[in-house]
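**Q** Make a model of this:
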Amino acid sequence: MPPSTANPPPGPPLPDTEQALIDAWLDGQWLERGLSRHTLESYGRDLRQFGQWLAARGGGLACCQRLDVLEYLAERVGISARSLARQLSAMKSFFRWMKRENRIAEDPTLNVARPRLGRPLPKTLSEDEVEALLAAPDLDDPLGLRDRAMLEVLYAAGLRVSELVGLTLSQVNTRQGLVRVVGKGDKERLVPLGEEALHWLARYLRDGRPALLGEDREVLFPGRRGTRMTRQTFWHRIKQLAVRAGVQKPLSPHTLRHAFATHLLNHGADLRVVQLLLGHSDLSTTQIYTHVAQHRLREVYEAHHPRSGT
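**A** Numbering: from 1, shown residues only. Below you'll find the model as predicted:
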């Protein structure tokens, strides 16, 4: 059996001209699509690796052929279909840009099919499990009040953890019951907060936050040292609270975000409304949650379809 080439050894150094092409494309991706630094780094790494592979064979990005792309992908033995799809996505986007900029005559990835992927199903919690998790913090401690308010806001607004820990006092309007969220690509959205979240937020602001504040007076949920909490710190707190709550399911930093979307759909929310609340740019990203709301769809069908038999 040939050795795996999932992590092939680096090829010859990438010529400066090739690196300049990749950098120019990455700059364009950041400007046009607002991709995160992590995504841009992954795309840049994928393209550099492909460029080194081409250079080892005496080729280059500007003279790449479809056969080169197919051979490279065929040699990527041992990596997941998802990683392969990400690499091909970067290559396709890069060569489309090259063609648009008149740097190449033909796009070598034009007729290269993407690998088929199974959509990963989001891990979520039942409503009872969410209630147990929300009730887990110690309310006699300022940190516990902070954790309760954070969990309530996270579940009420369906935020990403990075959005939650980055909140400032000025982003929350308790009178109107809204939070202004800055999401991916610096896109802003207004998300409503329910009565429970507003109650716990008000209690935390009154009885918990003053004891935790440091030099940064704007951060909404400071850590022990009065500075902005990291995502890793909050994730560690969630895992501790899950143990205390007796939640046995494996959790991820997005578990409450998934529960937010799933429970809204279970109670009859429109998919496009959920899309707006989550800050998804594409409805297909939100549609993954519909699989966990099948019993709700069945109830609606049986209640309203004239031929349902009920």
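**Q** where are the low-confidence patches of the stretch 201-310 of the chain?
**A** Where the stretch 201-310 of the chain drops to pLDDT under 70, the residues are 280-310.
**Q** Start from the N-terminal end of it and give the helices.
**A** For the stretch 201-310 of the chain, applying DSSP state H, counting those that start in this stretch gives helices covering 209-212, 231-245, 255-266, 271-278, 283-286, 294-304.
**Q** Surely Arg114 and Ala85 touch.
**A** Yes: the criterion here is Cβ atoms under 8 Å, and Arg114 meets it with Ala85 at 5.5 Å. For the C-beta atoms, the positions are set from N, CA and C on the backbone; glycine is no exception.
**Q** quick revisit: can you tell me which of the helices of the stretch 201-310 of the chain is most buried?
**A** Most buried of the helices of the stretch 201-310 of the chain by mean neighbour count (mean count of other Cβ atoms under 10 Å) is helix 255-266; its value is a mean of 22.
**Q** Compute the inter-axis angle for that helix and helix 271-278.
**A** In terms of direction (axes from the mean of the first three to the mean of the last three Cα atoms, to 10 degrees), helix 255-266 departs from helix 271-278 by 160 degrees.
**Q** measure the residue nearest the centre of the chain to Leu167 for me?
**A** A centroid search over the chain (Cα atoms, centre = their mean) returns Arg160, at 7.2 Å, as the residue closest to the centre. Shown here: Arg160 relative to Leu167, a distance of 11 Å by Cβ to Cβ, to the nearest Å.
**Q** in the stretch 1-150 of the chain, which spans are helices?
**A** For the stretch 1-150 of the chain, helices defined by DSSP H, counting those that start in this stretch occupy the ranges 16-33, 37-56, 66-74, 81-100, 127-134, 142-157.
**Q** Same list as before, those helices that is, but in JSON lines and with mean pLDDT included.
**A** Converted to JSON lines, the helices of the stretch 1-150 of the chain look like this (pLDDT from 0 to 100):
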{"stretch": "helix 16-33", "mean pLDDT": "86"}
{"stretch": "helix 37-56", "mean pLDDT": "89"}
{"stretch": "helix 66-74", "mean pLDDT": "86"}
{"stretch": "helix 81-100", "mean pLDDT": "87"}
{"stretch": "helix 127-134", "mean pLDDT": "91"}
{"stretch": "helix 142-157", "mean pLDDT": "92"}
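**Q** okay, these in a markdown table with distance to Val243 next?
**A** Shown next, in a markdown table, are the helices of the stretch 1-150 of the chain (distance: least, Cβ to Cβ, whole Å):
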| stretch | distance to Val243 |
| --- | --- |
| helix 16-33 | 39 |
| helix 37-56 | 29 |
| helix 66-74 | 43 |
| helix 81-100 | 30 |
| helix 127-134 | 10 |
| helix 142-157 | 13 |
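**Q** Need the winner for burial among these.
**A** Among these, helix 142-157 has the highest mean neighbour count (mean count of other Cβ under 10 Å), at a mean of 23.
**Q** Can you identify the element that follows it toward the C-terminus?
**A** Counting by DSSP states H and E, the next helix or strand C-terminal to helix 142-157 is helix 161-165.
**Q** in that next one, what counts as buried?
**A** Residues of helix 161-165 classed as buried by neighbour count (16 or more other Cβ atoms under 10 Å): 161, 163-165.
**Q** Let me know the closest of those residues to Leu178.
**A** Of all those, Glu163 has the smallest distance to Leu178: 14.1 Å, by Cβ to Cβ.
**Q** Report the beta-bridge partners for the nearest residue to that closest one once chain neighbours are set aside.
**A** Closest residue to Glu163 apart from its sequence neighbours, by Cβ to Cβ, 6 or more residues apart in numbering: Val181 at 5.2 Å. With DSSP bridges as the criterion, Val181 is bridged to Arg189.
**Q** Run through the residues that contact Val181.
**A** Residues counted as contacts of Val181 (Cβ atoms under 8 Å, 6 or more residues apart in numbering) are 157, 159, 163, 167, 171, 188-191, 279.
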